[in-house]
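Asks: What follows is a predicted structure for the sequence shown.
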Amino acid sequence: MPKRRIIGGLDVGSTKVLVIIAEVGREGEVTVLGVGECPAAGLRKGVIVDIDHTARAITFAMEQAERVSGIRLEAVYVGVTGPHISSVNNRGVVAVAGQNKEVGVEDTRRVLEATRVVNMPPDRRIIHVIPRQFIVDGYDGVVDPVGMSGSRLEVESLLVTAAASAVQNLLKAVQRAGVQLAGLVLNPLASAEAVLQPAERELGCVVVDVGGGTTELAVFQNGSLWFTSVLPVGGDHVTSDLAMGLRVPLNIAEELKKNHGSGLPGMVPDQVDIEITSIGGNERRRISRRMIASIIEPRLRELFGLVGHEIRRSGYRGLFPGGVVLTGGASILEGAEHLAAQELDMPVRLGMPRGVSGLADLVSMPRHATAVGLVMYGAREVPAARNDDPRLRGILTRVRSLFREFF
């Protein structure tokens, strides 16, 4: 019997820790077997500030997913986020060394290695090298150069970097939870895996993942990641605004946001029908839903204004026929799509996780996009062998080592 291909995805966010256990079929299909979730502890704006608390949250979510699936998880793909994430463009050039001047896997590996040579502070770490296009003897737009004839191979790549200390703290928390690391994946890259259609990647689009403590964006063009950025603003800031504006505790403000929140004051009735308790519990009063919306709207407009600034900062001068795909836990707030379309002047749709089966109904909301994308990313990292031919296994081993090193 062939060994089951079990993979796990771990989304360590500012508000929640989510674990998904999935099985990958022979055709690459992903079946969700288990889901575990725990409120986040020890994180602020996507960055770990208490390793022990974070490790306990990871352990709890992991055990819950393992109980549901009945499978012991050995390794996980872990999402990386935080304001420390940045990206830089670079170019690598090598001479083709293969026989008959035919580009081989080794030439591709060397040119990707060359693109990693960039001036970088010692406290930064490269987590992704994403090739946009290969160029063979001056002919650009090449997706896969292996097998082509030429004497000069070039690549234009996007290097995604992170603060080495933040990554190390994340790895320590994962290690203390008793699970191995299968790979680090940029959060918006994982979210895109779950919510984007192939046509949107090719045409050009922007993924905006609005989480609790951060908002992540990724610009795609011609099927590749063009630019990425993480803003230290998210749904928790809306909660804080409500707590201060209405003089209520944070937990009450969070409930008001989830149950009665809207970003469109003009579209909600101005009737007094919500009773709240002020801080201290000594005063009970009633407020209108329109008052709640009037507090939420400015923060959402500010957030999407910052997203627009980051898109312009990316240097991309083309259009985005694919528009904006909005996902993440805070994206379901009423009026978020409408305000995003106004501030970004582009069509906006809500991105729901897709492409998985099994317990798909448990991971069908935008807040699950990153975790679903992590297992989908892991599922396509190494294609499943269709037979036991040792030559095929050797080829897959070399491809796996190449992809793990650079992607």
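Replies: Sure thing, it's come through.

Asks: tell me, what residue is most central in the chain?
Replies: Residue closest to the average C-alpha location in the chain (Cα atoms, centre = their mean): residue 187, at 2.2 Å.

Asks: from memory it sits against residue 12, does it?
Replies: No - using Cβ atoms under 8 Å, residue 187 is not in contact with residue 12, being 9.4 Å away. Backbone N, C-alpha and C define where each C-beta goes, glycine included.

Asks: list residues touching both of the two?
Replies: Applying Cβ atoms under 8 Å, 6 or more residues apart in numbering, one finds that residue 187 and residue 12 are jointly contacted by residue 79.

Asks: thinking again about what came up before, which ones are touching the residue nearest to the centre of the chain?
Replies: Residue 187 neighbours (Cβ under 8 Å, 6+ apart): 11, 46, 79, 80, 81, 209, 216, 230, 370.

Asks: Most widely separated two among those?
Replies: 11 and 230 (14.3 Å; Cβ to Cβ).

Asks: What are the boundaries of the helices in the stretch 51-200 of the chain?
Replies: Applying DSSP state H, counting those that start in this stretch to the stretch 51-200 of the chain gives helices spanning 51-69, 105-115, 164-176, 187-195, 198-203.

Asks: and of the ones you listed, who's closest to residue 243?
Replies: That would be, of the helices of the stretch 51-200 of the chain and by Cβ to Cβ, helix 51-69, which comes in at 22.4 Å.

Asks: Need the nearest residue in space to residue 206, chain neighbours excluded.
Replies: residue 324 (4.9 Å; Cβ to Cβ, 6 or more residues apart in numbering).

Asks: what about residue 27, how many neighbours?
Replies: Using other Cβ atoms under 10 Å, residue 27 has 8 other residues around it.

Asks: And for residue 314?
Replies: The number of residues near residue 314, taken as other Cβ under 10 Å, comes to 16.

Asks: okay, it: pLDDT?
Replies: Looking at residue 314, its pLDDT stands at 85.

Asks: related to what we said a few turns ago, can you redo the helices of the stretch 51-200 of the chain as JSON lines with mean pLDDT and distance to residue 294?
Replies: Shown next, in JSON lines, are the helices of the stretch 51-200 of the chain (pLDDT from 0 to 100; distance: least, Cβ to Cβ, whole Å):
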{"stretch": "helix 51-69", "mean pLDDT": "94", "distance to residue 294": "35"}
{"stretch": "helix 105-115", "mean pLDDT": "92", "distance to residue 294": "49"}
{"stretch": "helix 164-176", "mean pLDDT": "93", "distance to residue 294": "36"}
{"stretch": "helix 187-195", "mean pLDDT": "94", "distance to residue 294": "30"}
{"stretch": "helix 198-203", "mean pLDDT": "91", "distance to residue 294": "34"}
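
Asks: Tell me which of those helices is the most buried.
Replies: helix 187-195 (a mean of 29; mean count of other Cβ atoms under 10 Å).

Asks: Not counting sequence-adjacent ones, nearest residue to residue 303?
Replies: In space, and not counting its chain neighbours, residue 303 is closest to residue 233: 5.3 Å by Cβ to Cβ, 6+ apart.

Asks: How about residue 263?
Replies: In this structure, residue 263 finds its nearest non-sequential neighbour in residue 335, 3.2 Å apart by Cβ to Cβ, 6+ apart.

Asks: pretty sure residue 69 is touching residue 20, no?
Replies: No - using Cβ under 8 Å as the test, residue 69 is too far from residue 20 to be in contact (9.4 Å).

Asks: shared neighbours of these two, anything?
Replies: By Cβ under 8 Å, 6+ apart, the residues touching both residue 69 and residue 20 are residue 34.

Asks: Okay, now the unreliable bits of this protein?
Replies: 1-2, 271-272, 280-282, 382-407 (pLDDT under 70).

Asks: Can you give the contact residues for the lengthiest helix in it?
Replies: Longest helix of the chain, by residue count under DSSP state H: helix 289-313. Contacts with helix 289-313, where a contact means Cβ under 8 Å, 6+ apart, come from 206, 208, 210, 215, 217, 219, 227, 229, 231, 233-234, 237-238, 241-242, 245-246, 256-257, 260-265, 267-271, 273-274, 333, 335-336, 339-340, 342-344.

Asks: Residue 149: what's it in contact with?
Replies: Neighbouring residues of residue 149 by Cβ under 8 Å, 6+ apart: 100, 101, 102, 103, 136.

Asks: and of the residues you listed, the nearest to residue 176?
Replies: Taking those together and measuring to residue 176 by Cβ to Cβ, the closest member is residue 103, at 43.7 Å.

Asks: what's the burial count for that closest one?
Replies: Using other Cβ under 10 Å, residue 103 is surrounded by 25 other residues.

Asks: shouldn't it be in contact with residue 154?
Replies: No - contact between residue 103 and residue 154 fails when scored by Cβ under 8 Å: they sit 11.2 Å apart.

Asks: Identify the contacts common to the two.
Replies: Among the neighbours of residue 103, those also in contact with residue 154 (Cβ under 8 Å, 6+ apart) are residue 136.

Asks: what are the ranges of the strands in the stretch 1-150 of the chain?
Replies: Secondary structure of the stretch 1-150 of the chain, counting by DSSP state E, counting those that start in this stretch: strands at 5-12, 16-24, 30-39, 43-44, 47-48, 75-80, 86-95, 124-136, 139-142.

Asks: how near is residue 318 to residue 233?
Replies: Applying Cβ to Cβ, to the nearest Å, the value for residue 318 to residue 233 is 26 Å.

Asks: more neighbours, those two?
Replies: residue 233 (20 against 11).

Asks: Who are the contact partners of that one?
Replies: Residue 233 neighbours (Cβ under 8 Å, 6+ apart): 214, 215, 302, 303, 306.

Asks: which of the contacts of residue 149 are buried?
Replies: Buried residues within the contacts of residue 149, counting neighbours by 16 or more other Cβ atoms under 10 Å: 103, 136.

Asks: how near is the residue nearest to residue 206 to residue 260?
Replies: Counting by Cβ to Cβ - residue 324 and residue 260 are separated by 26 Å.
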